[in-house]
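*Asks:* From the sequence below, what's the structure:
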Amino acid sequence: MKFDIASKAIISISKEAILRRFLNMDTDSIEILDELPQEIPSLRRSDFPLHVIQKSGKDVIVLIEIQTDFEKDFALRLIEYTVKFKIKYGIEIIPFVMVFSPTKQATGLYEDSVLTFRYQALRFWELEPNDYIGELALYPFLPLMKNGENWTTKIENEIYKSKDINDDNKADLLTAMAIFAGFKDKELTLQLIKKRRDLMMRSAAYDIFFDEIEKEIKDKWKNEGLQQGLQQGLEQGIQQGIQQGIQQGIQQGSLRESKELIYDILEIKFREIPVKIASALEKIDNIEVLRNLHKVAIRCSLIEEFEKELNGYK
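*Replies:* Have a look, this model is predicted:
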């Protein structure tokens, strides 16, 4: 699920580059379509339907679908989406599937005794990252490409230093890159979060993503805190220094765990956590204050109530 979430978070930023580089479309305008009305409870929904007007004047609908692991029955669902949009809009529909995991099933063709259906299949593992250097909006997908994990450090630095995109877009791109890099090597994900977490927290996708790997991250940070504390103590050469260092490491782990418990409660109750609240919470380094805020998070009925209490500790 986290790969789907990351893809959807960046498609709004990357849609022009995706259409141009992957579908050879020279676009004049791109509109994200509202979903079809839910006439029946079982109505399925496309991942990302785009109404595209090309510079030639031709307009089409591109259905961007995401498959992390290619599912056996996916093509049948894609046929359903295609038919529903064709009936509603009456123009050419282009089904376009972005496939993350290597598979022989993503052929671009579905056939049985009744149906023959063609779709565009983008198989990331066959692409060369070097072919897309300079396309900043496509950088999050590069780790999925052939040996793409080796490009992570270079491309995340380019995103971070770029003057062509704002911080909110950088946050979405870096968060997506962290998720996709983990598809190849989870250690790369942890390194990216540690390095760029302050910026990545601005992304709406970050909270959902962080929930899925929070135990790994918390364990790693706690262990790093303990190791750092031990090293500091050993360098001081006295037992008191060792003990103090250990306690500092444990304290760091406790602070992180307390904050994540608060995040969990707020997300369950209010679904989204405003960036200003997350930023303010990250600045608190007093465990007792965090314990009080944990109680506030449980009791409050509005996110504004929590924010008011949080502001009182600034």
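*Asks:* Please make it C-alpha for all contacts and neighbour counts, starting now.
*Replies:* Noted.
*Asks:* Any idea how many residues pack against Asp26?
*Replies:* 16 (other CA atoms under 10 Å).
*Asks:* oh, I was asking about Thr103
*Replies:* Other residues near Thr103 come to 12 when the count uses other CA under 10 Å.
*Asks:* same deal with Thr189?
*Replies:* Neighbours around Thr189, by other CA under 10 Å: 23.
*Asks:* That one touches Ala176, doesn't it?
*Replies:* No. Assessed by CA atoms under 8 Å, Thr189 is found out of contact with Ala176, at 9.9 Å.
*Asks:* Give the closest residue to Thr152 in space, chain neighbours not counted.
*Replies:* Closest residue to Thr152 apart from its sequence neighbours, by CA to CA, 6 or more residues apart in numbering: Pro143 at 6.5 Å.
*Asks:* Contacts only, for that neighbour.
*Replies:* Residues near Pro143 by CA atoms under 8 Å, 6 or more residues apart in numbering: 129, 149-152, 177, 180-181, 184.
*Asks:* Where do the strands of this structure begin and end?
*Replies:* 27-32, 48-54, 59-67, 92-99, 109-111, 116-118, 120-123 (DSSP state E).
*Asks:* returning to that earlier point: which of the contacts of Pro143 has the largest number of neighbours?
*Replies:* Tallying neighbours with other CA under 10 Å puts Met177 at the head of these, with 29 neighbours.
*Asks:* Can you get me a residue count around the nearest residue to that residue once chain neighbours are set aside?
*Replies:* Leaving aside its chain neighbours, Met177 sits nearest to Pro140 (4.1 Å; criterion: CA to CA, 6+ apart). Pro140 has 26 neighbours, counted by other CA under 10 Å.
*Asks:* Pro140 against Gly182, yeah?
*Replies:* No. With contact defined as CA under 8 Å, Pro140 does not reach Gly182; the gap is 11.4 Å.
*Asks:* Low-confidence ranges, the chain, go.
*Replies:* Scanning the chain for pLDDT under 70 picks out 1-7, 34-46, 204, 207-254, 314.
*Asks:* Show me where the stretch 1-150 of the chain has its helices.
*Replies:* With DSSP state H, counting those that start in this stretch as the criterion, the stretch 1-150 of the chain has helices at 2-23, 74-89.
*Asks:* what do you get for the stretch 151-300 of the chain?
*Replies:* Here the stretch 151-300 of the chain has its helices, by DSSP H, counting those that start in this stretch, at 152-161, 167-184, 186-200, 204-236, 239-270, 275-282, 287-299.
*Asks:* now could you export just the CA positions of the third one as PDB?
*Replies:* The C-alpha coordinates for helix 186-200 follow below in PDB (Å, rounded to 0.1, in the frame of the first residue of the first chain):
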ATOM      1  CA  LYS A 186      15.400  -0.600   3.400                       C
ATOM      2  CA  GLU A 187      18.700   0.800   4.800                       C
ATOM      3  CA  LEU A 188      18.500   3.500   2.000                       C
ATOM      4  CA  THR A 189      15.000   4.400   3.300                       C
ATOM      5  CA  LEU A 190      16.300   4.900   6.800                       C
ATOM      6  CA  GLN A 191      19.200   6.900   5.600                       C
ATOM      7  CA  LEU A 192      17.000   9.300   3.600                       C
ATOM      8  CA  ILE A 193      14.600   9.800   6.500                       C
ATOM      9  CA  LYS A 194      17.400  10.500   8.900                       C
ATOM     10  CA  LYS A 195      19.000  13.000   6.500                       C
ATOM     11  CA  ARG A 196      15.800  14.800   5.200                       C
ATOM     12  CA  ARG A 197      13.100  14.100   7.800                       C
ATOM     13  CA  ASP A 198      12.500  17.800   8.600                       C
ATOM     14  CA  LEU A 199      11.600  18.500   5.000                       C
ATOM     15  CA  MET A 200       9.800  15.200   4.300                       C
END
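*Asks:* List the buried residues of it.
*Replies:* Buried residues in helix 186-200, counted by 16 or more other CA atoms under 10 Å: 188-190, 192-193, 196-197, 199-200.
*Asks:* quick one on the thing from earlier: deepest of the helices of the stretch 1-150 of the chain, which one?
*Replies:* With neighbours taken as mean count of other CA atoms under 10 Å, those reach their highest mean count in helix 2-23, at a mean of 18.
*Asks:* quick one: Glu149 from Leu199, how far?
*Replies:* 21 Å (CA to CA, to the nearest Å).
*Asks:* For the residue nearest to Met177, list the residues it contacts.
*Replies:* So Pro140 contacts 173-174, 176-178, 180 (CA under 8 Å, 6+ apart).
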